[in-house]
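Trainee: A structural model of the following input is requested.
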Amino acid sequence: MTRSPDPTGAVLAVAPARPGRDESGSDVVARFARTAADCARVGAAVLDLAPVPGVPLAEPVRAVRRAGLLARVAATPDATPAELLSCGADALCAPLDAPAEFLRELRVGVAERGAALHLLARGAAELALLRDVPEPAHVVVVFTGDGPGAVAAFASAMDQLPAGTGRTAAGVGPAGLPVLLTALAGGAHVRIGRGDTPDYAPGTPARDDAQLVARAAGVAKIAQRPPLAPERAAELLGIKT
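Mentor: Reported below is the predicted structural model:
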């Protein structure tokens, strides 16, 4: 990767463990609230929320924001732009291959609300779609890989991003730790959590999301890119608080 590390630090986002099918709506909201509070204490600034069937989006968003974190909601075409834009999220994260009209509605809506629209690339191949996107402000790149070629492949993928584009990197499964280390060295922000990487080490499940955030925070400090508070993270992510 060719980008210099941001001397101000790194934004740590969390992809929490997905709710169980037997959890009630109130249980889901309470769990997201606990996760947000626990992760905030060890250095997280953002919590990524995926819509949960039967749970109004605004409820977990409020719970996360009360815990002091920024709430970023996965904007999939399964939900309408009206639902997504009215939930109170600080940012929406839409897949790069979403319909153009869907993305246009979200882009206009977040601008009116002071929120931000981030784009999600599920692997290096999808980054080619950025050429059709007008001035992407921030891209979340989810990378899956393993073995000695994982770091080189990830670094090559990140170099495809247009100059000036904000970037958050997330590694899935075995790619979690290599992506974390490479992203911090290369100037990207990072996403961690059991939603992406359920194991703390091979054969050892993570105790909770906060354990993964605490490790990322420690590594970020070693890399001289300490975790940024939500207020500073909002500036870097294009969110008007």
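Trainee: mind listing the helices for the protein?
Mentor: Secondary structure of the chain (DSSP state H): helices located at 25-41, 58-66, 81-85, 100-113, 150-158, 176-186, 209-222, 230-236.
Trainee: got the buried residues for the helix or strand of the chain with the lowest mean pLDDT?
Mentor: Here the helix or strand of the chain ranked lowest by mean pLDDT, DSSP states H and E is helix 150-158, holding a mean of 76. By neighbour count, with 16 or more other CB atoms under 10 Å as the criterion, the buried positions of helix 150-158 are 150, 151, 153, 154, 155, 157, 158. From N, CA and C alone the C-beta is placed, and that goes for glycine too.
Trainee: swap in stretch 159-168?
Mentor: 160, 161, 165, 166, 167, 168.
Trainee: could you dump these to TSV with distance to residue 123 and pLDDT?
Mentor: Below are those laid out as TSV (distance: CB to CB, whole Å; pLDDT from 0 to 100):
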residue	distance to residue 123	pLDDT
160	11	77
161	13	80
165	17	84
166	19	89
167	14	91
168	15	94
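Trainee: how close does the residue lying farthest from the centre of the chain get to residue 195?
Mentor: What lies farthest from the middle of the chain is residue 22; by CA atoms, centre = their mean that is 25.6 Å. According to CB to CB, to the nearest Å, residue 22 and residue 195 sit 18 Å apart.
Trainee: likewise residue 146?
Mentor: For residue 146, the distance to residue 195 - CB to CB - is 18 Å.
Trainee: out of those two, which sits in the more crowded spot?
Mentor: For residue 146 versus residue 195, neighbours defined as other CB atoms under 10 Å are more numerous around residue 195 (18 against 12).
Trainee: quick check: that one touching residue 17?
Mentor: Yes. Between residue 195 and residue 17 there is a contact under CB atoms under 8 Å: 6.0 Å.
Trainee: list the residues that contact the nearest residue to residue 122 once chain neighbours are set aside.
Mentor: Of all residues not flanking residue 122 in the chain, residue 142 sits nearest, at 5.2 Å (CB to CB, 6 or more residues apart in numbering). By CB atoms under 8 Å, 6 or more residues apart in numbering, the contact list for residue 142 reads 120, 121, 122, 123, 170, 172, 196.
Trainee: beta-bridge partners for residue 142, please?
Mentor: In this entry, residue 142 is beta-bridged to residue 122, residue 170, by DSSP bridges.
Trainee: and residue 18, how many neighbours?
Mentor: 13.
Trainee: same question but for residue 42, I mixed them up
Mentor: 18.
Trainee: got phi/psi on it?
Mentor: According to degrees, to the nearest 10, the main-chain angles of residue 42 amount to phi -110, psi 10.
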